[in-house]
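# Any chance you could fold what I've pasted below:
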Amino acid sequence: MQHAQFDPTARQQLAIAAVEAKTVRDLTWQQIADAAGLSVAFVTAAVLGQHALPEASAKAVAELLDLDEGAVRLLQTIPTRGSLPGGVPTDPTIYRFHEMLQVYGTTLKALVHEQFGDGIISAINFKLDVRKVADPEGGERAVITLDGKYLPTKPF
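Here you go, the predicted model:
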């Protein structure tokens, strides 16, 4: 049976313990995702408290991180989503995503609506990928793919 959370505290505490275990064991998010049998973006978000894991994945993650049965159950609960408190984020990496949406948010909205019509891009039926590629001008570039199903607005 699926259970839902209405207070993010337990998942936040589990995320802290899981990240500590990940660090102590010198694991990557990809190694944890491989154990779970799911994408690195989904598993990372789940361990950080933003998704519920299927039972087999929760057990595999807990075993890899040496977490107890309570953690296995908690990893399977539907969380209260949203990892950022109100206001402008202060972490520089997260702030840059905020900045990107401040600068390009209306552009993205205009282009999506022009191409698809009135509706939204789902964050539920969604895929995320982060890749590092060489920059032809030197250094490296981050390629972030946000791949969400378009859901049209339906008049009622």
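# Confirm that residue 110 lies within a strand, as I assumed.
No - Residue 110: not assigned to a strand; according to DSSP: H, G, I helix; E, B strand; the rest coil it is helix.
# Can you get me a residue count around it?
Number of residues near residue 110 (other C-beta atoms under 10 Å) recorded here: 10. Just so you know, the C-beta spots here come from the backbone N, C-alpha and C atoms, and that holds for glycine as well.
# One more: residue 121?
For residue 121, the neighbour count with other C-beta under 10 Å is 16.
# before we move on, what about residue 120?
15.
# what does the stretch of helix or strand it belongs to contact?
When secondary structure is defined by DSSP states H and E, residue 120 falls within strand 119-134. Outside strand 119-134, the residues that touch it by C-beta atoms under 8 Å, 6 or more residues apart in numbering are 39, 41-42, 112-113, 140-153.
# Cross those against helices and list the overlap.
Among those, the members falling in helices (DSSP state H) are 41, 42, 112, 113.
# Now the buried members of those residues.
Buried by 16 or more other C-beta atoms under 10 Å: 41, 42, 112, out of the ones in helices among the contacts of strand 119-134.
# any idea how far the residue lying closest to the last one once chain neighbours are set aside lies from residue 56?
Closest residue to residue 112 in three dimensions, ignoring its sequence neighbours and counting by C-beta to C-beta, 6 or more residues apart in numbering: residue 121, at 6.5 Å. Computed with C-beta to C-beta, to the nearest Å, the distance linking residue 121 and residue 56 is 29 Å.
# Flag every buried residue along the helix or strand bottoming out on mean pLDDT in the chain.
Every helix and strand in the chain was compared by mean pLDDT, DSSP states H and E; the lowest is helix 92-116, with a mean of 92. Across helix 92-116, burial judged by 16+ other C-beta under 10 Å covers residue 112.
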